[in-house]
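1. Quick check, what structure comes out for this input:
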Amino acid sequence: MGTALPLFAADTVLPAQLEGVGIEEHLGQAVNLDLTFTNEKGYQVPLRDFFHKDKPVLLNLVYYTCPMLCNMVLNAQTQALREVPWTPGNEFEIVTISINPSEMFDVASQKKMAYLESYGRPATGWHFLTDYQGHTKVLAEQMGFHYRYDERAQQFAHAAAIMFLTPDGRISRYLYGAKFKPRDMRLALTEASAGKLGITVDRILLYCFHYDPLSRSYTLFVTNVMRTGGGLMVLIFGFILIRLFRKERLASHPDQLVTAQ
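-> Residues are numbered from 1 along each chain as shown. Below is the predicted model:
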């Protein structure tokens, strides 16, 4: 079972439009790479076409005519990626898929042009797809990404998150919100690639930073140590007391010192 992450606190009364909306983390679960989608040119392609050896995949589930939240997520992602030295198509892939089954490939193509221009450098590995035969909903359920259509507002209610998958299609990490730290983006990609990007500094970073599910971000390892400081201090004092006790015994029984040598 995954970890359910609702949009609001448990004691908050949800609007009817947001019931069932949220994210349930399915870390480690493999998604179906045979699911098919329509690419920006109007051709059907299986999801596995975007998964390659040693390359993690950053997945977006949005819709292209979204009036606000989807654009905020994509803008924040693009801004963070500008400060990451890797490029989609080289070290990783980005797959952005519309959750709106009525959106066609021409809308995806226009969205792709706009975001590649905003990104500011060639990115052959950023793909904008649309639904095919309801496969987007199937993938969303596998990812634990729960959304619903609000008839009254004629919009989709959904959470703000981006997701990372391993090169073989297993769910590695979720990052939440409409603002992302370049460091978190880089570490999530490194983590998803299982350390196979071959860049030593990022392996070192993974030793220094650990994902904190409470803050939903990567935090310094020393911060995690401080949280367990009470138990750590007990161990340290225990070790010191044992050393002192042994030294005192040896001082009061010199014959044991000779035997120990």
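2. Excluding chain neighbours, what is closest to Pro101?
-> Spatial nearest neighbour of Pro101, excluding adjacent residues (C-beta to C-beta, 6 or more residues apart in numbering): Asp131 at 4.4 Å. Just so you know, the C-beta spots here come from the backbone N, C-alpha and C atoms, and that holds for glycine as well.
3. Check the one you found and give its pLDDT.
-> In the predicted model, Asp131 carries a pLDDT score of 98.
4. Hmm, Gly20 is touching Asp150, no?
-> No - in terms of C-beta atoms under 8 Å, Gly20 does not count as a neighbour of Asp150; the distance is 11.7 Å.
5. more crowded one of those two?
-> More crowded of Gly20 and Asp150, by other C-beta atoms under 10 Å: Asp150, with 15 against 11.
6. my read: the more buried one touches Val21, true?
-> No - using C-beta under 8 Å, Asp150 is not in contact with Val21; the gap is 9.6 Å.
7. Common neighbours of those two, please.
-> Taking C-beta atoms under 8 Å, 6 or more residues apart in numbering as the contact rule, Asp150 and Val21 both touch Ala157.
8. Please, where are all the helices along the stretch 51-200 of the chain?
-> Assigned helices in the stretch 51-200 of the chain, in chain order: 69-82, 105-119, 135-143, 182-192, 200-208 (criterion: DSSP state H, counting those that start in this stretch).
9. Can you mark which positions in the longest one are buried?
-> Spelled out, that is helix 105-119. The neighbour-count check on helix 105-119 (16 or more other C-beta atoms under 10 Å) flags 105, 107-109, 111-112, 115-116, 119 as buried.
10. CA atoms only for that helix - export them in CSV, please.
-> The C-alpha trace of helix 105-119 is given here as CSV (Å, rounded to 0.1, in the frame of the first residue of the first chain):
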residue,chain,number,x,y,z
PHE,A,105,-1.6,16.4,-30.4
ASP,A,106,-1.6,19.9,-31.9
VAL,A,107,-2.2,21.4,-28.5
ALA,A,108,0.7,19.3,-27.1
SER,A,109,2.9,20.5,-30.0
GLN,A,110,2.2,24.2,-29.2
LYS,A,111,2.9,23.6,-25.5
LYS,A,112,6.2,21.9,-26.3
MET,A,113,7.4,24.8,-28.5
ALA,A,114,6.6,27.3,-25.7
TYR,A,115,8.4,25.4,-23.0
LEU,A,116,11.4,24.5,-25.1
GLU,A,117,11.8,28.2,-25.9
SER,A,118,11.5,29.0,-22.2
TYR,A,119,14.0,26.3,-21.3
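11. Now do that helix against helix 69-82, angle only.
-> 40 degrees (axes from the mean of the first three to the mean of the last three C-alpha atoms, to 10 degrees).
12. which helices and strands does helix 105-119 pack with?
-> Judged by 3 or more C-beta pairs under 8 Å, 6 or more residues apart in numbering; DSSP states H and E, the packing partners of helix 105-119 are helix 69-82, strand 93-98, strand 126-129.
13. in its sheet, what does the last one sit against?
-> Strands that pair with strand 126-129, judged by DSSP bridges, come out as strand 93-98 (parallel).
14. the domain parsing of the protein - what is it?
-> Domains of the chain are assigned by automatic domain parsing as 3-195, 234-260.
15. of the helices and strands packed on helix 105-119, which approaches Gln44 most closely?
-> Gln44 lies closest to strand 126-129 among the helices and strands packed on helix 105-119, at 9.9 Å (C-beta to C-beta).
16. Sweet, I'm off.
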